[in-house]
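**Q** With the sequence up front, the predicted model follows.
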Amino acid sequence: MRTRDLAQLSTRMFKTNPLRTWLTILGMGVGTGAVVVLVGLGFGLQQIILEQIVFGETLLSLGVSATGAQNLRLTSETVVQFEQKEHVLDAAPLARFPALITYKGLTGNVFIQGAEPAYLRYAGVTASAGEVFTDEDLDDQNTVMLSPAVLKLFGIEDAASFVGQKVKFRLLVPLDDGTGDVSEVLIDKEYTVRGITKEEGVLNALMMLPELRSHVGIEEYERIQVRVDTNEFLGAVEEQLIEAGYRVTALSKTVEQASKIFQGVQAVLAVFGGIALVVSAIGMFNTMTVTLLERTKEIGIMRTIGASPSDIKWLFVSESIVVGFLGGLSGIIMGVVLGSTINLLLNLVASQFGGQAVKLFSFPFMFLLFIAMFSAGVGYLTGIFPARRAATLNPLDAIRYE
């Protein structure tokens, strides 16, 4: 049978039984749509979490801090030692001191952090409003970045509105006499807020390390970000640092663990959606079986005029594939429309209450393509049994069938 004839015959059901055909497609679409919506929810949740992480150099860096064991300290000499290690490209330190911040007569407790732009890249520090320090800002002496928690100290809700405001600091430097007392160092200048970080839950103010060093001596660092040259040697460098007694954190492991968790979530959601798809497939199988009984005499006539069993088989299989594929497309459309509508409504509500826009449902193209192909495969599986029965019918018995 020619491909053209097969295509015409396999789509003839849209003329002979349009209502039943479209209802079958719709039933298949509902099941497929359930899978699309639920798995799309899993992709959306994964994207919401992982989009907070800056990829690139961040995944090739290790956060190193002292554990207190073996009298380890993070000093300038430590930075040089790390940089000299094999497969290490760079080491960027972070210094931190308690401080008081003043804004329009109001004062609160924060931590002043001093770092270089490289540290911000390696640690994945980004801004929710304003700008992040870049390599050109290393000698910046007049601007700072604040965490969202600092804004809450002053009752500021809109982060963007605080960019450009002026703040002052007083450093609280611990004394070396062992009494635990601190010395207050007044920084007699105002700093302009250039950006608001995404570090929730911490009271941090960030300035360039050279600027902090100009006001206080820095003998020990809080943390060092070690940049490894390639992902291949990330584990080896991490093991060396751990063996030396340092505490090491790797963002790449966090991303890997989070991805595994969300893969499990997506699998569970897919199972729930698959239940609806199985029900739809059973309905489609029933429809194809009824179609076989209705067209028994037609099959007998086709066999008597020269159609082979293989022609009859592929005729039924192609019909079921067409119905399954169209059911998958309709399910994709219903799922994407439903998910996009919910995303839109959530963003409208978020904008009304000053929240951040999110995409709760996400539909990657490759996932939708897989669903379309999978639906066609389900159509094939539901049609193969009726197709085999049709191919094995005796032509004379089929003509006499009433």
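**A** Noted; the coordinates are in hand. Numbers count the residues shown, from 1 in each chain.
**Q** can you pull out the strands in the chain?
**A** 61-66, 88-103, 106-115, 127-130, 143-146, 166-174, 182-197, 204-208, 223-228, 246-250 (DSSP state E).
**Q** Could you export those strands as JSON lines, including mean neighbour count?
**A** From N, CA and C alone the C-beta is placed, and that goes for glycine too. Output for those, formatted as JSON lines (neighbours: other C-beta atoms under 10 Å):
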{"stretch": "strand 61-66", "mean neighbour count": "22"}
{"stretch": "strand 88-103", "mean neighbour count": "20"}
{"stretch": "strand 106-115", "mean neighbour count": "19"}
{"stretch": "strand 127-130", "mean neighbour count": "18"}
{"stretch": "strand 143-146", "mean neighbour count": "25"}
{"stretch": "strand 166-174", "mean neighbour count": "16"}
{"stretch": "strand 182-197", "mean neighbour count": "16"}
{"stretch": "strand 204-208", "mean neighbour count": "22"}
{"stretch": "strand 223-228", "mean neighbour count": "24"}
{"stretch": "strand 246-250", "mean neighbour count": "18"}
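**Q** so which of these comes closest to Ile48?
**A** strand 127-130 (14.5 Å; C-beta to C-beta).
**Q** thinking again about what came up before, tabulate the strands of the chain (CSV), appending mean pLDDT.
**A** Output for these, formatted as CSV (pLDDT from 0 to 100):
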stretch, mean pLDDT
strand 61-66, 88
strand 88-103, 93
strand 106-115, 93
strand 127-130, 90
strand 143-146, 95
strand 166-174, 91
strand 182-197, 91
strand 204-208, 94
strand 223-228, 92
strand 246-250, 85
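**Q** The ones you listed into a markdown table, with extra columns for distance to Ser308?
**A** What follows is those, written out as a markdown table (distance: least, C-beta to C-beta, whole Å):
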| stretch | distance to Ser308 |
| --- | --- |
| strand 61-66 | 66 |
| strand 88-103 | 68 |
| strand 106-115 | 76 |
| strand 127-130 | 68 |
| strand 143-146 | 76 |
| strand 166-174 | 85 |
| strand 182-197 | 71 |
| strand 204-208 | 77 |
| strand 223-228 | 64 |
| strand 246-250 | 63 |
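**Q** so which of the ones you listed gets nearest His215?
**A** For the strands of the chain, proximity to His215 was assessed by C-beta to C-beta; strand 182-197 is nearest, at 5.5 Å.
**Q** Give me the contact list for that closest one.
**A** Here strand 182-197 makes contact (C-beta atoms under 8 Å, 6 or more residues apart in numbering) with 98, 125-133, 142-148, 151, 159-160, 162-175, 204, 206-207, 215-216.
**Q** Dump that strand to CSV, restricted to CA.
**A** Output in CSV follows, covering the C-alpha atoms of strand 182-197 (Å, rounded to 0.1, in the frame of the first residue of the first chain):
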residue,chain,number,x,y,z
VAL,A,182,36.1,45.8,71.5
SER,A,183,37.5,49.1,70.2
GLU,A,184,35.2,51.3,68.3
VAL,A,185,36.6,52.7,65.0
LEU,A,186,34.6,55.5,63.5
ILE,A,187,34.7,55.7,59.7
ASP,A,188,34.2,59.4,59.2
LYS,A,189,32.6,59.3,55.8
GLU,A,190,29.3,58.4,54.1
TYR,A,191,29.0,55.5,51.7
THR,A,192,26.5,55.3,48.9
VAL,A,193,24.5,52.1,48.6
ARG,A,194,25.2,50.7,45.1
GLY,A,195,23.3,47.4,45.4
ILE,A,196,21.3,45.0,47.5
THR,A,197,22.5,41.4,47.6
